[in-house]
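K.L.:
Need the 3D shape of this:
(one chain, ligands or ions: 1)
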Amino acid sequence: MSRKTEIALLLKALDKALKIDEKQLADEIGSIGFKCKKCARCCRAEYGDNTVFIFPFEIRRICEKTGLGREDFVIPAPSEDRDSQGNIHTFEWVLRKNGDCIFLKGGLCGIYELRPYICKTYPFYLLDGRLMISECEGIGGDITEEDSRKLASVLKERYIAEIKEAIALFEKFEGFNPSGKGICVHDSEGEHWV
Ligand code: SF4
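P.N.:
As a prediction, the model looks like this:
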């Protein structure tokens, strides 16, 4: 599929995403139920995949507010894509882990207010506009109407951000050029060689 076609499809998806009915989404969340048990299982290694994907604007915000450098807390997402010189190319960043997420301290998130969308909305996400649920012990728990509304609003925001990031990425993407050495992350900011 050409880059132009990809962008056209993403623009259509964005249009649909902007029209998502938050009230309907909130009602759906309310009928499923959710109460965070503060177990931090989603941040820990021992309970399965705790990979956290993070957007470039979220990385910038954490850098600005904490004084950390991006290399302190993110790495390129694993990828099998290679260019003619054997350099790896990837399209996403993930939070560093020392088994558990590096921001997990004493069972609590050390960057709670700055945590990525994926953490704010766990265990929910939207796929093609439909509500999806990851494994979580909090599912089925009591949730207030207000919290359902808030969660629906952040989920919609996240979904829109995902699509906008993908559009910006495609607009900047120039293929797997071996212009550097090592690993290249292609994102909405352009190319980062690590
Ligand atoms: S950023 Fe915070 S909430 Fe997200 S996985 Fe790490 S410790 Fe958990």
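K.L.:
Could you pick out the longest helix of this structure?
P.N.:
Using DSSP state H to define each element, the chain has its longest helix at helix 145-172.
K.L.:
Phi, psi for residue 97 please.
P.N.:
For residue 97, the backbone dihedrals (degrees, to the nearest 10) come out as phi -130, psi 150.
K.L.:
That one contacts residue 50, correct?
P.N.:
Yes: the criterion here is Cβ atoms under 8 Å, and residue 97 meets it with residue 50 at 6.8 Å. Quick note: C-beta positions are derived from backbone N, CA and C, even for glycine.
K.L.:
Show me the contact partners of whichever helix or strand comes after the longest helix of the chain.
P.N.:
Moving toward the C-terminus from helix 145-172, the next helix or strand (DSSP states H and E) is strand 183-187. Counting by Cβ atoms under 8 Å, 6 or more residues apart in numbering, the neighbours of strand 183-187 from elsewhere in the structure are 56, 76-77, 83, 87-93, 165, 169, 172-173, 176, 191-194.
K.L.:
Repeat that for stretch 94-105.
P.N.:
Here stretch 94-105 makes contact (Cβ under 8 Å, 6+ apart) with 40, 43-46, 50-54, 72-77, 109-111, 115-116.
K.L.:
Restricted to buried residues, select those residues in PyMOL.
P.N.:
Entered in PyMOL, the line below selects the buried ones among the contacts of stretch 94-105, by 16 or more other Cβ atoms under 10 Å:
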select buried, resi 40+43+44+50+52+54+73+74+75+76+109+111+115+116
